[in-house]
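Visitor: sequence and predicted structure are below.
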Amino acid sequence: MKSLEELKAIRESMQAQMGLRGEDSNQTRIVVGMATCGIASGARPVLTTLANTVLEKGLSNIMVTQTGCIGLCQYEPIVEVIEPGKDKVTYVKMTPEKALEVIDQHIIRGQIVKKYTISEEIE
Amino acid sequence: MYRSHVLVCGGTGCTSSGATKIIESLNKEINKAGLMDEVSVVQTGCHGLCALGPIIVVYPEATFYSMVKEEDIPEIVNEHLLKGRIVTRLVYDETITEEGISSINETDFYKKQHRIALRNCGVINPESIDEYIATNGYEALGRVLTEYTPDQVIQTILDSGLRGRGGGGFPTGLKWKLAKGNDADQKYVCCNADEGDPGAFMDRSVLEGDPHVVLEAMAIAGYAIGASMGYIYVRAEYPIAVERLNIAIKQAREYGLLGNNIFGTDFNFDIELRLGAGAFVCGEETALMTSIEGNRGEPRPRPPFPAQKGLFQKPTLLNNVETYANIPLIILNGVEWFRSMGTEKSKGTKVFALGGKINNTGLVEVPMGTTLREVIEEIGGGIPGGKKFKAAQTGGPSGGCIPAEHYDVPIDYDNLLSIGSMMGSGGLIVMDETNCMVDIAKFFLEFTVDESCGKCTPCRVGTKRLHEMLDEITKGNGTIEDIDKLEDLCYYIKENALCGLGQCAPNPVISTLRYFKDEYVAHVEDKKCPAGVCKALLSYNIDADACKGCTLCARICPTGAITGKVKEAHVIDQSKCIKCGACMEKCRFGAISIH
């Protein structure tokens, strides 16, 4: 170890991983439905894509987690984005590609990807 | 990249209740479910709730599973990790609220705690230097080496008001200043990890859960006093701590955080381990250094103090594990931050190992000035079986007891001394109405008799005599004069023993005499043990009216002391009775009682 910069580089590369263990009520939660219905319709690659992208892009204060069956099995894989102080946004029939778009548009730029939301799908 | 971290407590408590098998099983099941690239299993240090081990915490949900068994693992993997359904039946019930599962930090056990020395225990993998660095590890060392002069470091520690956490409470900064003030070609930094008090395991948990913090703080101390070599004296009975320290030292050397030219400066520092063979006296600073030198662990008279002539006759700085664990955060967060916690003369926090008659056996860290009531009733979850609090023993065999009348005294160094106990290293043993205080004093004296090194007569012979007198009292052979003699001998030993072990050995007797003299008197005058502990003073009797003559007690008695015919009242032959209490436990009619 020759300098503080070197230490900082190690710290920052590790913090993305360690961020998973934080507990902060101000964080945005991305929840993937991972019941049998979700898994059968392809939720697992969606979940891993979301988790990897959040880490790769070094997005802080984002928690990617899973939940059980929401009850809308025909719309699985379902991804919910819950931002503090805002309405929950529910994306349906997700794929890894769509998940990437949600990260880019919604999580990073703050613009909801309307075409994938449940309200669009039902209409 | 992992989407989920499964933290398994790998402290000694959870390891002995099966954590190693749980980790094996987790890895097996995760592989079976094909989740090995998504879920990472991490072994951490102690979470503190040892009574509920083994403990597993699943992130990012922060689900806190307690008392997990090996056979529960497939369910956790298949339900929680695979399908995202939390296994509610295994969740620590304090976290289950009407609104769902709350954060572990909201529970009574954690809410009032302030974890500074234990900040990384249960959070990081102690065998990964990268995880320590991710939590700002080694940042304090880097800043100190590049931005501080040694005097500035010492001033910072002085200003923080940090006092030695090993028990004595000597100002840490002053100790550093004294060690720096003595010029020598070689100086040493030592860490006292010879935690020997019965029931104390604070230092062990820090070493097991966050070993790098000790290395970092010792290097900072080395820079401050001008030492290039450090020794950690740790008990061989702490195998997990020893293993993790060895790993940590190896990693720190690989990263150049120990060795030559640390952070590109001309500061060189290295650390080696020395294992103690478990002698209590080696926790005393001069005996500890004698032992590191390779000699029999016996204390030597002070002065000269270690700061003048310590290890190998060179100026030496010796601090306790928990003291070191505070240092990096004081540098990073500043003196004001540290001084904002605690009381006027005792700053910061203190870790306590809760044991004895308490629901949440384990490790807690609270700001100085927290009352005993808060620690026992709120954090510790109270006394099992609705029994009444009688006293708490702090400071182990060197400390004393705090009776119920001082339940609301804010705990800090000076308050504890003024009520006849001491902070000690942090063992806190809770006693209820079924504990006999004479018996407790006898227990601790038995310990010091065993552990006295024998070098000085007051300790070697004095503690033996104290123990004999206490033994006679508990057998009903004592007289009221014996109590006075006992007290005189206590003060004689205190004044004349060579080292801290002997000087403090009478403390359990002195403090129980101070607060529970009536119990001593009951033993010698009435020949009774009010708590019903001292066997020689008890007699079991059968109430002839309540006895139905079921013969159960006669069948259960191991010495055949109970006789009687079916459907007639039974009697106990006192000469044969060994007072095991088995009959009373089995009697369905409550006919047997102790007198």
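Guide: Good, I have the coordinates. Numbers count the residues shown, from 1 in each chain, chains lettered A, B, ... in the order given.

Visitor: phi, psi of residue 57?
Guide: You didn't say which chain, so I picked chain A. Dihedral pair for residue A:57: phi -80, psi 0, per degrees, to the nearest 10.

Visitor: switch to chain B, please.
Guide: According to degrees, to the nearest 10, residue B:57 has phi -120, psi 130.

Visitor: partners of it in the sheet?
Guide: Beta-bridge partners recorded for residue B:57 (DSSP bridges): residue B:7, residue B:64.

Visitor: taking the stretch 351-500 of chain B, what residue is nearest to chain A?
Guide: When scored by CB to the nearest CB, the stretch 351-500 of chain B has residue B:365 as its residue closest to chain A, at 17.6 Å. C-beta here means a position set from N, CA and C on the backbone, and glycine is covered the same way.

Visitor: residue B:308 contacts residue B:315, doesn't it?
Guide: Yes: counting by CB atoms under 8 Å, residue B:308 does reach residue B:315; the two are 6.3 Å apart.

Visitor: spit out the residues that contact these two alike.
Guide: residue B:182 (CB atoms under 8 Å, 6 or more residues apart in numbering or on different chains).

Visitor: of these two, who's got more company?
Guide: The residue with more neighbours, out of residue B:308 and residue B:315, is residue B:315; 25 against 17, by other CB atoms under 10 Å in any protein chain shown.

Visitor: what residues are up against that one?
Guide: Counted by CB under 8 Å, 6+ apart, residue B:315 has contacts B:179, B:182, B:184, B:187-188, B:225, B:306-309.

Visitor: switch the cut-off to 10 Å
Guide: B:178-184, B:186-188, B:225-227, B:304-309 (CB atoms under 10 Å, 6 or more residues apart in numbering or on different chains).

Visitor: also residue A:66?
Guide: A:30-35, A:38-39, A:43-44, A:47, A:51, B:3-4, B:60-61, B:80-86 are the contacts of residue A:66 under CB under 10 Å, 6+ apart.

Visitor: what distance separates stretch B:211-219 from the middle of the whole chain?
Guide: Centroid separation between stretch B:211-219 and its chain, computed with CA atoms, centre = their mean, to the nearest Å, is 20 Å.

Visitor: any part of that stretch near chain A?
Guide: No: Stretch B:211-219 lies out of reach of chain A by CB under 10 Å from any CB of the partner chain, never closer than 11.1 Å.

Visitor: how close does the residue nearest the centre of chain B sit to residue B:354?
Guide: In chain B, the residue lying closest to the centroid (CA atoms, centre = their mean) is residue B:200, at 2.3 Å. According to CB to CB, to the nearest Å, residue B:200 and residue B:354 sit 11 Å apart.

Visitor: likewise for residue B:50?
Guide: 9 Å.

Visitor: helices of chain A, start to end?
Guide: A:4-18, A:36-40, A:43-56, A:96-102, A:118-122 (DSSP state H).

Visitor: what packs against the helix or strand hosting residue B:489?
Guide: If you go by DSSP states H and E, residue B:489 is part of helix B:480-496. Secondary-structure packing of helix B:480-496 (3 or more CB pairs under 10 Å, 6 or more residues apart in numbering or on different chains; DSSP states H and E): helix B:457-474, helix B:500-504, helix B:507-515, helix B:517-524.

Visitor: recalculate using a threshold of 7 Å.
Guide: helix B:457-474, helix B:507-515, helix B:517-524 (3 or more CB pairs under 7 Å, 6 or more residues apart in numbering or on different chains; DSSP states H and E).
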